[in-house]
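Asker: Sequence and predicted structure, then a few things I'm wondering about:
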Amino acid sequence: MRRERSEALYEQALDVIVGGVNSPSRSFRAVGGGAPVFMKRAQGAYFWDEDGNRYIDYLGAFGPIILGHAHPAVTEAIVKTAAEGTLYGTPTEKEIRFCRMLREAIPSCELLRLVNSGTEAVMSAIRLARAYTGRDKIIKFAGCYHGHSDLVLVAAGSGPSTLGMPDSAGIPQSIAREVITVPFNRLDTLEQALDRWGDQTAAVLVEPLVGNFGIVPPAPGFLEGVNRLAHAAGALVIYDEVITAFRFHYGGVQTLYGVEPDLTALGKIIGGGLPIGAYGGRREIMELVAPVGPMYQAGTMAGNPLSVAAGIACLETLARPGTYERLDQAGERLAGAIAELASRYGIPVQINRKGGAFTVYFTDRPVTDYDGAKAADGEAFARFFHLMLESGVYLPASKYEAWFLTIAHSDEDIDRTIEAVERAFREMKR
Ligand code: PLP
């Protein structure tokens, strides 16, 4: 497969865009480096790159694209809305309709506020939890990504329950000291952290089903335990459902599992592929937000007509009967075939799947937390990634990301993907 134009464009991009990409995970650094593929257009389950190569897409733009690319309902909503003006700086009726749709699907969000990204949604929910409790510290789980605001760019130091070390330059130690990181799926370490810092903790922040070190579901009782321990300490529980909301069913993981947080952050799918975020929660907490209360949060672009119209169209399409059954069946077939081929070719893999999302870890040990995901073989993944790319299958370029199916993936696309996996495994065993 020739990718000369992508290579040339990468050289040009390096000259004007830092690292050649506008978000680090778009680079190929985690899979051995080199020019990332520059895409020219996308339709349904496919990408076409600048050299004219076609790929079956399992990146799904890191989550938002669940209907497939350029879904007619979303495109039509965007075009129609754009013709009526792109931004007013005033409230609109559409925002009410959209927020009602969100609340019907996720009832713990009694009141909502729209923002522009998942980062903003989590950042604002944290500020609100701090305003409500009058406390400063946050407990998060190692390996969970919550956007790039200062506070959450802190992951584990070594060992559980350590005070955080920043994962990024430019984050003051004073901020890092306000974050405590514990391992996912372990209530004992959370309890220890709360024993020590509970009276200073504003919130326990969690991806209720992890999507950021691959797909890692909560162990039975884990989410209930998080609620029990946090609330006993007087702390709030914030669910980051930026990846998970509307991914596995029409609602959040909280509605799927029947465990409600105090506050929820949303993003990705709810914007139908346009920039969006939202946070919501119990009325008495949300009423601390300006202009009702003293917690300030604002946004020029927030609730912009295009994102809201795309979001409504996306949710309406997802609400049609059979959507999630179809995603689940496709996920089961593809993940099942990969597992079968891996065992046939003697390649150790673990596949964690929920519905139409899964991660293939190159390891023989089950992955239930970040340490497990870190232990997966990154070189084997990089080899696999490039072999799949050569076969016209676009996977996320990191061993930590999930494959996302869309409703546009056909049985034939899945058959082709399975053939590509077999070719890749055969090559890896040579
Ligand atoms: N929270 C989670 C769980 C995410 O996966 C992400 C992005 O990947 C974010 C927050 C940040 O969202 P955004 O990239 O829209 O700022």
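Answerer: Good, I have the coordinates.
Asker: what about the residue of the stretch 101-250 of the chain found nearest the ligand, distance to Pro321?
Answerer: When scored by C-beta to the nearest ligand atom, the stretch 101-250 of the chain has Gly118 as its residue closest to the ligand, at 2.3 Å. Every C-beta, even on glycine, is put in place using the N, C-alpha and C of the backbone. Noted for Gly118: a distance of 28 Å to Pro321, by C-beta to C-beta, to the nearest Å.
Asker: if you count what's nearby, which of these two comes out ahead?
Answerer: Gly118 (30 against 7; other C-beta atoms under 10 Å).
Asker: what's the distance between the more buried one and Gly277?
Answerer: 5 Å.
Asker: For this protein, give me the ranges with low pLDDT.
Answerer: When residues are selected by pLDDT under 70, those of the chain lie in 155-166.
Asker: Up against the ligand, what does it have?
Answerer: Counting by C-beta under 6 Å from any ligand atom, the residues of the chain lying close to the ligand are 62, 117-119, 122, 145-147, 207, 211-212, 240, 242-243, 267.
Asker: wait, Leu114 sits on Cys99?
Answerer: Yes. At 7.2 Å, Leu114 counts as touching Cys99 under the criterion of C-beta atoms under 8 Å.
Asker: dump the residue contacts of the spatially closest residue to Val216 that is not a sequence neighbour.
Answerer: Of all residues not flanking Val216 in the chain, Val210 sits nearest, at 3.9 Å (C-beta to C-beta, 6 or more residues apart in numbering). Contact partners of Val210, counting by C-beta atoms under 8 Å, 6 or more residues apart in numbering, are 141, 143-144, 184, 216-217.
Asker: related to what we said a few turns ago, hey, what's in contact with both of Gly118 and Gly277?
Answerer: Contact criterion C-beta under 8 Å, 6+ apart; residues shared by Gly118 and Gly277: 242, 265-267.
Asker: among the residues of the chain next to the ligand, who's most crowded?
Answerer: Comparing the residues of the chain next to the ligand by number of neighbours (other C-beta under 10 Å), Asp240 comes first, having 32 neighbours.
Asker: Touching, it and Lys268? I think so.
Answerer: No. If you go by C-beta under 8 Å, Asp240 and Lys268 don't touch, sitting 10.9 Å apart.
Asker: which neighbours do those two share?
Answerer: With contacts taken as C-beta under 8 Å, 6+ apart, the residues that reach both Asp240 and Lys268 are Gly118.
Asker: For Gly277, list the residues it contacts.
Answerer: When contacts are taken as C-beta under 8 Å, 6+ apart, Gly277 is in contact with 114-121, 242, 265-267.
Asker: Show me the beta-bridge partners of it.
Answerer: In this entry, Gly277 is beta-bridged to Val115, Gly267, by DSSP bridges.
Asker: Can you get me a residue count around Thr86?
Answerer: The number of residues packed near Thr86 is 12, by other C-beta under 10 Å.
Asker: what does Glu224 give?
Answerer: The number of residues packed around Glu224, counting by other C-beta under 10 Å, is 14.
Asker: That one against Val259, yeah?
Answerer: Yes. Contact between Glu224 and Val259 holds when scored by C-beta under 8 Å: they sit 5.7 Å apart.
Asker: can I have whichever helix or strand Thr264 is part of written out in CSV, keeping just the CAs?
Answerer: In this assignment (DSSP states H and E), Thr264 forms part of strand 263-267. Output in CSV follows, covering the C-alpha atoms of strand 263-267 (Å, rounded to 0.1, in the frame of the first residue of the first chain):
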residue,chain,number,x,y,z
LEU,A,263,-22.5,14.1,39.0
THR,A,264,-21.9,12.9,35.4
ALA,A,265,-19.6,14.2,32.7
LEU,A,266,-20.7,13.5,29.1
GLY,A,267,-19.2,14.1,25.6
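Asker: who touches it?
Answerer: Counting by C-beta under 8 Å, 6+ apart, the neighbours of strand 263-267 from elsewhere in the structure are 102, 106, 108-109, 117-118, 121-122, 124-125, 128-129, 146, 203, 236-242, 245, 252, 254, 276-282, 285.
Asker: Buried ones from these, can you make that a ChimeraX selection?
Answerer: To isolate in ChimeraX the members of those that are buried, counting by 16 or more other C-beta atoms under 10 Å, one can use:
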select :102,106,108,109,117,118,121,122,124,125,128,129,146,203,236,237,238,239,240,241,242,245,252,254,276,277,278,279,280,281,282,285
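Asker: Sort out for me which of the contacts of strand 263-267 are in helices.
Answerer: When those are checked against helices using DSSP state H, the ones located there are 102, 118, 121-122, 124-125, 128-129, 254, 285.
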